[in-house]
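Student: A structural model of the following input is requested.
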Amino acid sequence: MIEIKNLSKRFGQNVVLDHLNLTIQKGDVLGVIGSSGTGKSTLLRCMNYLEKPEEGSITVGDVTVDARHHSSRDCIRLRQKTAMVFQNFGLFHRKTALENVMEGLVIVRKLPKEEAAGIAREELAKVGLADRMDYYPSQLSGGQQQRVAIARALAMQPELLLFDEPTSALDPELVGEVLETIKKAVDEGNTMIIVSHEMEFIRRISNRIIMLDGGAVIEDGTPEQVFNHPTSNRAKEFFRRMMISQGAEYYI
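Tutor: Okay, the predicted model is just below:
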């Protein structure tokens, strides 16, 4: 189980997350939506302490990190429970696709290189890149680079996968291949939090949706409940604008 208690994060005087509480069950696919600047990406970055919250605690499995009372070892243990896929891929440019996927297995999990290479090959094959293992990021399309990043995350066998706008840096014709790769990971039963501007995809793939506004959760329910029967005026306005724009990116 993943549990967030009273999570708060500020940047200067700007409160981005305001005593946020959230519980996620094993196997959940949680879609996070909301307008720009409502704390979606910050929430993900606090989940693995890429951003340090001022208050609150985060629990992933048997690891709990409290913002006010924790050690660097606690943060390392939390990060070992999670894996994040960034919008700009985050690959090592001087390493091949295979070496990128191997990196965490060797450095973090301390696996022998031969064993790490075997796992990396398997994960790259799963995302359709068996013929691109020896290519460098500069030799791959944006969609292929993002699939390498997803393979790298999956190879770590995390308890929680975090996707931060995984298609926002891609040309439109490359979005589909990345979304299909994420769907396969969902079908394998991975627990995920996904921030994405692909509203129809979020609606289809998530079993639960939350909407953030003002650093707090203002909607929480099934895709049917949140998209079709929002309870807050703010959410109703959000979806009204989305419908009028016929898919223009007013959100995320």
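
Student: End to end on stretch 151-163, go ahead and measure it.
Tutor: End-to-end span of stretch 151-163 (CA to CA, to the nearest Å): 13 Å.

Student: Would you mark the buried spots in that stretch?
Tutor: Buried residues in stretch 151-163, counting neighbours by 16 or more other CB atoms under 10 Å, are found at 151-156, 158-163. Backbone N, C-alpha and C define where each C-beta goes, glycine included.

Student: Show me which of the residues you listed is closest to residue 58.
Tutor: Residue 58 lies nearest to residue 160 out of the buried residues of stretch 151-163, by CB to CB, at 10.0 Å.

Student: So which of the buried residues of stretch 151-163 are in helices?
Tutor: 151-155 (DSSP state H).

Student: now these as JSON lines including distance to residue 79 and pLDDT?
Tutor: Output for those, formatted as JSON lines (distance: CB to CB, whole Å; pLDDT from 0 to 100):
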{"residue": "151", "distance to residue 79": "18", "pLDDT": "96"}
{"residue": "152", "distance to residue 79": "14", "pLDDT": "96"}
{"residue": "153", "distance to residue 79": "12", "pLDDT": "96"}
{"residue": "154", "distance to residue 79": "16", "pLDDT": "95"}
{"residue": "155", "distance to residue 79": "15", "pLDDT": "96"}
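
Student: quick one: which of the residues you listed is nearest residue 15?
Tutor: Ranked by distance to residue 15 (CB to CB), these are led by residue 153 at 29.8 Å.

Student: Scan the helices and strands of the chain for the one with the lowest mean pLDDT.
Tutor: Within the chain, judged by mean pLDDT, DSSP states H and E, the helix or strand with the poorest mean is helix 233-245; its value is a mean of 83.

Student: just to revisit the earlier point, which single one of the ones in helices among the buried residues of stretch 151-163 is nearest to residue 36?
Tutor: Closest approach to residue 36 among these (CB to CB): residue 153, at 24.8 Å.

Student: wait, the closest one sits on residue 89?
Tutor: No: counting by CB atoms under 8 Å, residue 153 stays clear of residue 89, with 11.3 Å between them.

Student: what helix or strand is residue 122 on?
Tutor: Per DSSP states H and E, residue 122 falls inside helix 113-126.

Student: avg pLDDT for that helix?
Tutor: With pLDDT averaged residue by residue, helix 113-126 scores 96.

Student: Against which helices or strands is it packed?
Tutor: helix 97-107, helix 142-155 (3 or more CB pairs under 8 Å, 6 or more residues apart in numbering; DSSP states H and E).

Student: rewinding a little: let's have the ones in helices among the buried residues of stretch 151-163 in CSV, adding distance to residue 45.
Tutor: Shown next, in CSV, are those (distance: CB to CB, whole Å):
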residue, distance to residue 45
151, 22
152, 18
153, 15
154, 20
155, 21
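
Student: Strands along the protein, start to end?
Tutor: Taking DSSP state E as the criterion, the chain carries its strands at 2-11, 14-24, 29-33, 55-60, 63-66, 82-85, 160-164, 192-195, 208-213, 216-221.
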